[in-house]
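S.K.: quick check, what structure comes out for this input:
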Amino acid sequence: MDLILTPDNPVPPGANVAIIRAVDGMTLRTARWHPEGRSRGTVVIAQGRAEFIEKYFETVGDLLKRGLTVVAFDWRGQGLSGRELDNSRKGHIDDFSLYERDLDAILDQVLIPFCPEPWFALGHSMGGAILIRQARAVRSPFERIVLTAPMLELHGLKFPGLLRGIAKILDLTGLGGAFIPRGGETAMLTRPFRDNKLTSDPHRYARNSAIVAAGPHLAIGDPTIGWIDGAFAIFDEFADPEYPRRTHTPILIVAGAADRIVDLHVMERFASRLKAGRMIMLSRGRHEILMEKDDIRGQFWAAFDAFIPGTREEYDALVEAQTVIENVRRRP
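M.R.: Sure thing, here's the model as predicted:
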């Protein structure tokens, strides 16, 4: 199963493409790259909803230049990985815990046999949420995690409690595989640039749209009711104040102040409670920081380089500092 290239988006050289299977038999498309010379470690790219490996070719190149081995893959239900439903345009999931089976398969069949340690993760939006859940369960194999706009809650929901209840009822009545109301098969990247909430960079948006035009089978449409019900369930988990405090993997969150996809206030509150982590807000970035204009991406990579690979001493110092802050807060 080859990678799809376009004139504006060539495949980084040296790609190793493979199909692996999760424990439940779901097929996953993976790609792996190794830098020239000695590797400083491995970064796993955990993409967001409706994304695919090809969208991250530029990011793969940026990581290779940093001397890092790179692993990218398509989550179940999107890209060229297997689907839960017959309609390949439906990025459906019954429970978000199933995504963690994909991470387990990457660990067992790609990281352990082929990739040098230390292992790091770079997660976007939905991928970030899945990485956080894995870390909270003390199952993460990653030394450090960098997240762009993790999906901890959706932006601008009116009557969120009512929406959660409706999604739950519809899912329980057997409609989990249906598109959300007013949803359909139209892929986000086929819409005009002026209507997009992902990036302020018209060139990178056009580049990603061209990928979908060259490989329309990569794209999916709107979420299903089952997917949104599963998303609401993990949002409720993240809302517990103790959840971030008991997540010990060092985490760096980078978000754009102009993001209108995920809730920035929820993200800031979550980051402030992390045991070992912090959040950086980029003033003009939208939802997809890695698909943004060069100056915004430059700010992201400056933060990334200060955090990855990092040292154990930095981690211990960060944990100690966060503990002191928590003790001060508890004082009357």
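S.K.: so where do the helices sit in the protein?
M.R.: For the chain, the helices defined by DSSP state H cover 57-65, 99-106, 112-114, 126-136, 160-170, 202-214, 225-238, 242-245, 264-272, 294-307, 312-330.
S.K.: rank the ones you listed by pLDDT, which is bottom?
M.R.: If you rank these by mean pLDDT, helix 312-330 sits at the bottom with a mean of 55.
S.K.: highest average neighbour count across the helices of the chain?
M.R.: Highest mean neighbour count among the helices of the chain (mean count of other Cβ atoms under 10 Å): helix 126-136, with a mean of 25. Yep, even glycine has a C-beta here, placed from its N, CA and C like the rest.
S.K.: so which residues make contact with that helix?
M.R.: Contacting residues not belonging to helix 126-136 are listed as 45-49, 75, 96-97, 99-100, 103, 121, 123, 140, 142, 145, 147-152, 231, 234, 237-238, 243, 246-249, 251, 253 [Cβ atoms under 8 Å, 6 or more residues apart in numbering].
S.K.: now intersect these with the strands, please.
M.R.: The strands, defined by DSSP state E, take in 45-46, 121, 123, 145, 147-148, 251, 253 from the contacts of helix 126-136.
S.K.: can you select the buried ones among these for me in ChimeraX?
M.R.: Provided next is the ChimeraX selection string for whichever of those are buried by 16 or more other Cβ atoms under 10 Å:
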select :45,46,121,123,145,147,148,251,253
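S.K.: and the contacts of stretch 74-87?
M.R.: So stretch 74-87 is contacted by 1, 22, 26-30, 46-47, 49-53, 73, 90-94, 98-99, 101-102, 126-127, 177, 185, 217-218, 220, 224, 227 (Cβ under 8 Å, 6+ apart).
S.K.: please apply the same query to stretch 189-203.
M.R.: By Cβ under 8 Å, 6+ apart, the residues outside stretch 189-203 that reach it are 188, 205-206, 208-209, 211-213, 219, 258, 260-261, 284-288, 291-293, 296.
S.K.: could the helices of the chain go into TSV alongside distance to residue 196?
M.R.: Converted to TSV, the helices of the chain look like this (distance: least, Cβ to Cβ, whole Å):
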stretch	distance to residue 196
helix 57-65	18
helix 99-106	25
helix 112-114	36
helix 126-136	18
helix 160-170	23
helix 202-214	6
helix 225-238	21
helix 242-245	30
helix 264-272	18
helix 294-307	15
helix 312-330	36
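S.K.: indicate which one of those helices is closest to residue 279.
M.R.: Taking Cβ to Cβ as the measure, the helices of the chain were each checked against residue 279, and helix 264-272 came out nearest at 3.5 Å.
S.K.: burial count for the spatially closest residue to residue 260 that is not a sequence neighbour?
M.R.: Distances taken as Cβ to Cβ, 6 or more residues apart in numbering put residue 197 closest to residue 260, at 4.8 Å, once the chain neighbours are dropped. Around residue 197 there are 14 other residues, counting by other Cβ atoms under 10 Å.
S.K.: and residue 40, what is it in contact with?
M.R.: Counting by Cβ under 8 Å, 6+ apart, residue 40 makes contact with 66-68, 309.
S.K.: so for those, which is the shakiest by pLDDT?
M.R.: Within the contacts of residue 40, the minimum per-residue pLDDT falls on residue 309 (87).
S.K.: residues contacting residue 99?
M.R.: Residues counted as contacts of residue 99 (Cβ under 8 Å, 6+ apart) are 75-76, 93, 130.
S.K.: correction: the previous question concerned residue 272.
M.R.: The contact partners of residue 272, taken as Cβ under 8 Å, 6+ apart, are residue 279.
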